[in-house]
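How does the following fold in three dimensions:
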Amino acid sequence: MSNPSSPPPLAATHAVNPWTDLDEAGSGLTVDAFLTTLMSQVGNALRRTITVPYADAADLTVSEWRLLALIAHAGELPFSALVVQSTSDKALVSRTLRLLEERGLVALQAQGSTPRKKIQCAITLAGRQLHDEVMPVARRHQAAALRVLSREEREVMHRALVKLRGYCQTSQAGQANEGGEG
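Got it, this is the predicted structure:
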């Protein structure tokens, strides 16, 4: 029984690699071969198959789980650092934090007396307990997906993703320093 949304067989996906002989202009690249398209598709598929099941089981959204895990790892951190680490926009982080606070999983404390107060985010005991229950399940799910790849593939993929992240961070910093738009 085949699933219509399942990927094509490996032989079909390895027949032609559009990235092998890539020139600077990206000649011949189609949208479905764009790095951003493939990463988005893989990211969404991984979120649906790996993260959503254990987040749902803990009655958390993926955003709630991500923020809870980041805060639990740090113990506490400023809102601005949480926005950067989560790679989410400020509005989503703010809304999600309020929901976690309402559930007693995080504590938010305003610091300073100016209208632009800084917010400190801290894990509560209930938040720590929930995190500690979910984290072993999360690790198992993540490991199961990673172990689909050989050890060598995992090493290459990790290096490649870290390198791409560095490229993007450097490019963003360069654009910000230039004051450029777009």
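
in this structure, which spans are helices?
10-14, 35-46, 52-57, 62-74, 79-86, 90-102, 125-146, 151-178 (DSSP state H).

Please identify the most buried of the ones you listed.
helix 62-74 (a mean of 20; mean count of other CB atoms under 10 Å). Every C-beta, even on glycine, is put in place using the N, C-alpha and C of the backbone.

which other helices and strands contact that one?
helix 52-57, helix 79-86, helix 90-102, strand 106-111, strand 118-123, helix 125-146 (3 or more CB pairs under 8 Å, 6 or more residues apart in numbering; DSSP states H and E).

possible to save the ones you listed as CSV with distance to residue 45?
Formatted as CSV, the helices and strands packed on helix 62-74 follow (distance: least, CB to CB, whole Å):
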stretch, distance to residue 45
helix 52-57, 11
helix 79-86, 20
helix 90-102, 21
strand 106-111, 29
strand 118-123, 30
helix 125-146, 10
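
Could you point out which of the ones you listed sits nearest residue 18?
Set against residue 18 and scored by CB to CB, the helices and strands packed on helix 62-74 come closest in helix 125-146, at 24.1 Å.

okay, the residue of the chain most remote from its centre: pLDDT?
Distance from the centre of the chain peaks at residue 113, with 33.4 Å (CA atoms, centre = their mean). pLDDT, residue 113: 74.

what does residue 15 give?
55.

One more: residue 110?
pLDDT, residue 110: 89.

List the contacts of it.
Shown in contact with residue 110 (CB atoms under 8 Å, 6 or more residues apart in numbering): 117, 118, 119, 120.

Just give me the neighbour total for the first one.
So that's residue 117. Number of residues near residue 117 (other CB atoms under 10 Å) recorded here: 12.

what do you get for residue 123?
Going by other CB under 10 Å, the residues that sit close to residue 123 add up to 24.

quick one: contacts for it?
68, 71, 72, 75, 76, 105, 106, 107, 131.

got it, and residue 82?
67, 70, 71, 93, 97, 121.

Show the pLDDT at it.
96.

same deal with the one 3 residues further on?
The confidence metric pLDDT takes the value 94 at residue 85.

Chain neighbours aside, what residue packs nearest to residue 145?
residue 50 (5.4 Å; CB to CB, 6 or more residues apart in numbering).

For the one you found, give me its contacts.
Counting by CB under 8 Å, 6+ apart, residue 50 has contacts 141, 142, 144, 145.

and what of residue 66?
Contacts of residue 66 by CB under 8 Å, 6+ apart are 86, 88.

how about 7 Å then?
Residue 66 sits next to residue 86 when contact means CB atoms under 7 Å, 6 or more residues apart in numbering.
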